[in-house]
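> Okay, sequence plus prediction incoming.
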Amino acid sequence: MISIDVNNVVTAIIGTRLLNIHNSQEILRILKETSRKYGRNIVIDLGKVEFLDSTIIAMFVEYNNFLKESGLELTFTNLSPFVERVFTMLHISKFFNIK
Amino acid sequence: MHRPRPADHARIFIILLLLLIPGLSDSAPVKKSLYRPVILSDQNERYPLSRHLLILEDATGAMTIEEAASPDTDRRYARSTQHPPSYGFNDLSYWVKFRLVNKRMEAGTWFLELDYPHMDLMEVYLENAGGEFTKKTAGDIYPFNDREVRYRNLVFALLIPGGHEQTVYMHFSGKCSKQFPLTLWSEKGFIRKVDTDQYFLGVYYGIILVMMVYNLFLYFFIRDKSYLYYFVYIGSYGLVQMAYNGLAFQYLWPAYPQWHTISLPFLIGWAILWMAIFSQSFLHTREYTVTMHRLMRGLMGIGTATMIFSLAGNYLVAINAAMLLMVTASIIIMTAAFICMVRGYRPARFFLIAWLVFLCGLLLLSLNKLHILPVMFITEYANQIGSALEVTLLSVALADRINIMEQEKMEAQRSTIQAQEKYRSLVEGSRDIIFTLDEKWNFMTVNSAISTLLKISPESAISTNFLELIYEDPGAGSMGKKLIQAKLDEFLRTREPISFRAMFKSTITAEPKEMEVRLECINIEGMNEILGKAASLEEDVLMKCFLKEKQEYAIGNYLTTADDITQRITKNLSKFMEQKQITLIRIALREIIINAIEHGNLNISYSEKTGAIADDTYFDFIAERRKDPRYRGRRVCIEHLIDPARAVYKITDEGCGFEHKKVLMNDSRDANERLLGHGRGISLAKNIFDEVRYNEKGNVVLLVKKITA
């Protein structure tokens, strides 16, 4: 579901095509574990994600809050046109770092 | 005691036949003046005495030998009108005499045989040179070993001086059938007769025993109960024969004359009981003739009653009932066999032939005893020959029945294989994936279409779980793994056929494939299996004909239904817009419908939802709310209109509504700024639809999407 690439930064590559309430909690758990383990800023690669719903946005918001409490930053990368459109529609592009 | 002899029941069978043939009966009166002595010579070994006998009925039973032999009494003797003389079952006494002239010069021992082993008491008187009578006694009221000659029939050894002429007196008494089939044998003749008798009866009972053992073994190997019934029936029949001809008294219970006297009706009842059970089982009367099946049950009941009655009741009634039962049973069984044969049950042929052979034996014997047929080996032993052939033919009938069953089984197997081949070619030729699953969702069978559609070989799919093939993430318009799991659980509970769309893995690297799945429960040989079909989504060829639609739905509070309904109510949008845009509309509609279920009908607050998601108890939490009596009757009403200008969706829940104005005004930026974990579904809908409008209460939302050319 998620693969972790550790170089200068920790990159979590989401390997699933559609994100929704059925996998949101599992993804959040893995992301939090990764942050605790490496204590570094996190980049989430959404290159393979084609669809997501509001529950996933809520999950990213919660994860962002979690990172902020530890003084860490969250960045998204490789957004598909669809995901980018959802981010835009929900006005979250400017609340997260997007590369 | 009253006991039958072979001719008794045989005569019942053929009496009507004989009545139709004048002159056949040997019961014409004979004048006493024709009475003549038995002339003993070297030429003959066997002297049937029937036509030489003079008989006197001793009404008081108190007559002495001196009185019976006195000249005054001599005038009262008469010849019998029947040969051999027979007076039926009674408790009278009879004096019987015959004169003999020994033309041999030397003295010799002669054997007087009564060919009726069930006579209660028989006394033989011979006058000696001094004019006194010597008496010999035998009968079945005495232990067998008390007999002078230990033979199954009553036999007396008589020493007859050479050139001598004398009268032999016999006295018969007891409660039994009074019949006098007497024969005088020379010593050699009697030895030869006993030899033949023993030899033939040994062969006969050997056949019975072999058939018993053979059929018992067959039962243990084949486990067909007919063989077991037949084994018991032959055993019973053999015992009846042994009791009937005196061998049972000679060899099985020689010290128990009282049991010997009642054994015959008891054993006949027992044999009839098993004969009926065997015939029912063999002929399948329940299937072919219900009437005969019931009559056979009646036979069983009467057979059992006869057994009980013979032990505790009146012997005369018991033996008569047994005789009558034998005749009735034979008629019923042969009729049943005939009906079964006519109605197409092939094994009944041998069964019927076996019984006809048996009856032919009885007929021959009867004709012999009535002196219509001469004394020959085949007529003397016709009963045994007939029954031995019957036993053998019934075994053949059983074997034939098994043979036919085997043929039918092979035919059925051949048909099954052909059907299997036919269906296999149909299944294998299908372009859809056709499969069966066990109740744990493991593949049991699958056709080769799976390798074409999902790039998975059928061999590797076997033993794989169906859910393992589901793509981890439900795609647009498909269901997620957990939702599919929920759907499958519901399917197992209701056993109603279901259809759904699902994303399947093809290989680890290839793209997932969305397919329409249909499952239904089937029962094969008592095993519950799930028959499934997975087909590629077909392009709707009628879509180009679509103009507009207006529909209404009322759905329960299941999230899976929210997924399904969004599929349905957006399907025809493909006439007017691209799939990507439809996907966004589906996602937005899904958000709004789920809001209506969760926050409207089920009255779940944002904090409750957030907590349940965090605890990973979200689905359980919703399930509990669904059972709540306050909410379980609520429905979400969905109305939609699609025409070339717009798509309009009106979603109504039965909840208390919410402060929609604030949410609509602040949109998702407020949620983002306040880092809230909710409140974006409506915002998403606002961005996707051209118009999102709630009623005052907040439980009805109207969503409008304009369609541009």
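Good, I have the coordinates.
> domain assignment for chain B?
Following automatic domain parsing, one gets these domains for chain B: B:31-187, B:224-406, B:432-536, B:547-706.
> is it true that B:Y618 touches B:A612?
Yes. B:Y618 sits in contact with B:A612 when judged by C-beta atoms under 8 Å, with a separation of 4.5 Å. C-beta here means a position set from N, CA and C on the backbone, and glycine is covered the same way.
> Tell me which of these two has more neighbours.
B:Y618 (23 against 19; other C-beta atoms under 10 Å in any protein chain shown).
> what about the more buried one, distance to chain A?
Taking C-beta to the nearest C-beta, to the nearest Å as the measure, B:Y618 falls 7 Å from chain A.
> where along chain A do the strands fall?
For chain A, applying DSSP state E gives strands covering A:2-6, A:10-14, A:18-19, A:42-45, A:51-52, A:74-77, A:97-98.
> what helices or strands is the last one leaning on?
Where contact means 3 or more C-beta pairs under 8 Å, 6 or more residues apart in numbering or on different chains; DSSP states H and E, strand A:97-98 is packed against strand A:74-77.
> Pull the residues that contact the strand it packs on.
Residues external to strand A:74-77 that are found in contact with it (C-beta atoms under 8 Å, 6 or more residues apart in numbering or on different chains): A:11, A:41-47, A:60, A:63-64, A:67, A:87, A:96-99.
> Out of those, which end up buried?
By neighbour count, with 16 or more other C-beta atoms under 10 Å in any protein chain shown, these hold A:11, A:41-46, A:60, A:63-64, A:67, A:87, A:96, A:98 as buried.
> Of those residues, which is the nearest to chain B?
Proximity to chain B was ranked across those by C-beta to the nearest C-beta; first place goes to A:N64, at 7.2 Å.
> Find the nearest non-adjacent residue to that closest one, please.
Counting by C-beta to C-beta, 6 or more residues apart in numbering or on different chains, A:N64 lies nearest to A:L74, which is 4.9 Å off, once chain neighbours are set aside.
> Distance of that neighbour relative to chain B?
A:L74 is 12 Å from chain B, by C-beta to the nearest C-beta.
> Now for chain B, the helix or strand with the poorest mean pLDDT.
The weakest-scoring helix or strand in chain B, judged by mean pLDDT, DSSP states H and E, is helix B:6-19 (a mean of 39).
> what's the following helix or strand after that one?
The helix or strand immediately downstream of helix B:6-19 is strand B:38-40, counting by DSSP states H and E.
> Just the pLDDT at the closest residue to chain A within chain B, thanks.
The nearest approach of chain B to chain A comes at B:N687, 3.5 Å away (C-beta to the nearest C-beta). pLDDT recorded at B:N687 is 85.
> The one 5 residues further on now?
Looking at B:V692, its pLDDT stands at 91.
> which ones are touching the residue lying closest to B:F133 once chain neighbours are set aside?
Using C-beta to C-beta, 6+ apart and skipping the chain neighbours, the partner closest in space to B:F133 is B:Y125 (4.5 Å). By C-beta under 8 Å, 6+ apart, the contact set of B:Y125 is B:65, B:69, B:133-135, B:168-171.
> so can I have CSV of these showing neighbour count and secondary structure?
Below are these laid out as CSV (neighbours: other C-beta atoms under 10 Å in any protein chain shown; DSSP: H, G, I helix; E, B strand; the rest coil):
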residue, neighbour count, secondary structure
B:I65, 16, helix
B:A69, 17, coil
B:F133, 16, strand
B:T134, 11, strand
B:K135, 11, strand
B:V168, 24, strand
B:Y169, 21, strand
B:M170, 23, strand
B:H171, 23, strand
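> would B:F111 count as being in a strand?
Yes. Judged by DSSP: H, G, I helix; E, B strand; the rest coil, B:F111 forms part of a strand.
> so it makes contact with B:K188?
No. B:F111 is beyond contact range of B:K188, at 10.3 Å (criterion: C-beta under 8 Å).
> Just give me the residue right at the centre of chain A.
In chain A, the residue lying closest to the centroid (C-alpha atoms, centre = their mean) is A:I44, at 4.5 Å.
> Identify the bridge partners of that residue.
For A:I44, the beta-bridge partners are A:A12, A:F76 (DSSP bridges).
> can you count the residues close to A:L18?
24.
> Verify the stated contact: it with A:T55.
No. Counting by C-beta under 8 Å, A:L18 sits too far from A:T55 to count as a contact (11.6 Å).
> need the contact list for B:G303.
The contact partners of B:G303, by C-beta under 8 Å, 6+ apart, come to B:269-273, B:276, B:325, B:329.
> do you know how far it is from B:L325?
Going from B:G303 to B:L325 by C-beta to C-beta, to the nearest Å gives 6 Å.
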